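Peer 1: Model the following, please.
(one chain, ligands or ions: 3)
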Amino acid sequence: MGKDRLWRRLMELGTVGAQSGGGVTRFSFTAEERWAKDLVIGYMKKAGLAVREDAAGNVIGRREGGDPSAPVVMTGSHLDTVPQGGKFDGALGVLAAIEALQQMNEAGVATRHPIEVAVFTDEEGARFGFGMLGSRAMAGTLRAEDLTAHRDEHGLTIAQAMTQAGLDPARIGEAARRPGEIRAYVELHIEQATVLERHNLPVGVVSGIAGPLWLQFRLRGEAGHAGATPMCGRRDPLAAAARILTHIYDETRNFPNAVATVGKIHAFPGGINVIPGEVAFTLDVRDIDEAARNALESRLLSRAEEICGAHGIDLEVAELQRVAPAPCAPELMAAIEQACRKLGHAPLVLPSGAGHDGMQLVRLCPIGMIFVRSRNGISHSPEEWTSPEDCFAGASVLYHTLLALAEGRA
Ligand code: GLV
Ligand code: MN
Ligand code: MN
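Peer 2: Ligands and ions are numbered 1, 2, ... in the order given. Here you go, the predicted structure:
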């Protein structure tokens, strides 16, 4: 039965890239990601889908419609993870989509529009500091220079990693789909926050997705002896970074919907008794309102410059990615709400703080998202959890939403 099958696949997929310290790590273009994609290709075939991989490594499973030339209804998510992430972020959206289409096939349901399940390559951006690679490629916005500008921890560019994985970076343009080719994109995802839990609801309807801005800060000062250099003479970039970080956390509280996170920080060369010569840290800033995010960004940058000036530190800030917030389409929200009602769930509308591939696909088609309750709102952590019942409730809402769209009723 569907619920058990969905859960079994989720748990099986969760073993791919499982870490001894807890959690799952599957970076793009690695053996773990390949293994996960191959496992999912097997599920797609069992579900009766025709499977192909595009030039970006996106895996696409297709269920034909009565009118093969009708625009496709697309669903899906991603299989890559953050370091030591959970079993549900991305994986649930892919497996719920396959489950929905397998159930349509088992019930012998015919639809006018074809339906495709997409597994998007590198949604998280964990490896190259530049996310949503597969969906950017599909939206036609991934440029050749993006593939050489971003590097992983070992200095490998996206293009080099693609080549190692058997893909040809020069052909990335072939992954682009034409506007009009996709009727709608609907993704199911765990909520990663506590709104549904507080309302005691298994599922919800997403109103829009907050936009991530990722910046890389580099502060250069003067390395020196930790014991022999007096405090007054130092140009210590970490002392400046500490003040910048404090300002980031304080200032962001003045913006009611903004969040800011420093998730990676390194001091170079990294010795207990060495004043660092250089400090690098990342900043992730988000808001559902782009103007508010821009205002916060400019306050953070101007204060960072002041602080570095006062410490005699050279500051360089590089933009890794700047993604605009994306509203969900009212007609798709209505279709999801209707599916919720049909299944007896109050259709609560809530925003997404996390980023998703739909943010790229808005260039091609209307987007919608179904959220499923997350335990304690925890995600990007081994503690991520959604019950089998809630997973299946979400998959059922997805089934009815896709069916309505593919039959041309919504
Ligand atoms: C992906 O999960 C993101 O929001 O960064
Ligand atoms: Mn995700
Ligand atoms: Mn994620």
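
Peer 1: Tell me where the model's unsure across the chain.
Peer 2: 1 (pLDDT under 70).

Peer 1: For it, which residues are neighbours of ligand 1?
Peer 2: Within the chain, the positions adjacent to ligand 1 are 124, 212, 354, 355 by Cβ under 6 Å from any ligand atom. C-betas here are computed from N, CA, C, even on glycine.

Peer 1: Farthest pair within the residues you listed?
Peer 2: Greatest spatial distance among these (Cβ to Cβ): 124 and 212, at 10.8 Å.

Peer 1: Between these two, which contacts overlap?
Peer 2: Shared contacts of residue 124 and residue 212 (Cβ atoms under 8 Å, 6 or more residues apart in numbering): residue 131.

Peer 1: buried sites along whichever helix in the chain runs longest?
Peer 2: Ranked by residue count under DSSP state H, the longest helix found in the chain is helix 290-311. For helix 290-311, the neighbour count (16 or more other Cβ atoms under 10 Å) marks 293, 296, 297, 299, 300, 301, 303, 304, 307, 308, 311 as buried.

Peer 1: Let's have these in TSV, adding distance to residue 10.
Peer 2: Below are these laid out as TSV (distance: Cβ to Cβ, whole Å):
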residue	distance to residue 10
293	34
296	37
297	37
299	42
300	39
301	42
303	44
304	42
307	46
308	47
311	49
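
Peer 1: coming back round to it: redo the residues of the chain next to ligand 1 as CSV? Include neighbour count and secondary structure.
Peer 2: As requested, the residues of the chain next to ligand 1 are exported to CSV (neighbours: other Cβ atoms under 10 Å; DSSP: H, G, I helix; E, B strand; the rest coil):
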residue, neighbour count, secondary structure
124, 24, coil
212, 25, strand
354, 18, coil
355, 24, coil
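
Peer 1: Who are the packing partners of the longest helix of the chain?
Peer 2: For helix 290-311, the packing partners by 3 or more Cβ pairs under 8 Å, 6 or more residues apart in numbering; DSSP states H and E come out as strand 211-220, helix 237-252, strand 278-287, strand 314-322.

Peer 1: from the chain's centre, how far out does it sit?
Peer 2: Taking Cα atoms, centre = their mean, to the nearest Å, the mean C-alpha location of helix 290-311 is offset from the chain mean by 26 Å.

Peer 1: where does residue 409 sit relative to ligand 2, distance-wise?
Peer 2: Distance of residue 409 to ligand 2, computed by Cβ to the ion, to the nearest Å: 28 Å.

Peer 1: Pull the contacting residues for residue 239.
Peer 2: Going by Cβ under 8 Å, 6+ apart, residue 239 touches residue 311.

Peer 1: Repeat the analysis, applying 10 Å as the threshold.
Peer 2: 219, 221, 231, 275, 276, 279, 307, 311, 313 (Cβ atoms under 10 Å, 6 or more residues apart in numbering).

Peer 1: Quick check: beta-bridge partners of the first one?
Peer 2: It refers to residue 219. residue 279, residue 315 (DSSP bridges).

Peer 1: Correct me if wrong: it contacts residue 238.
Peer 2: Yes: contact criterion Cβ atoms under 10 Å: residue 219 and residue 238 qualify, at 7.9 Å.
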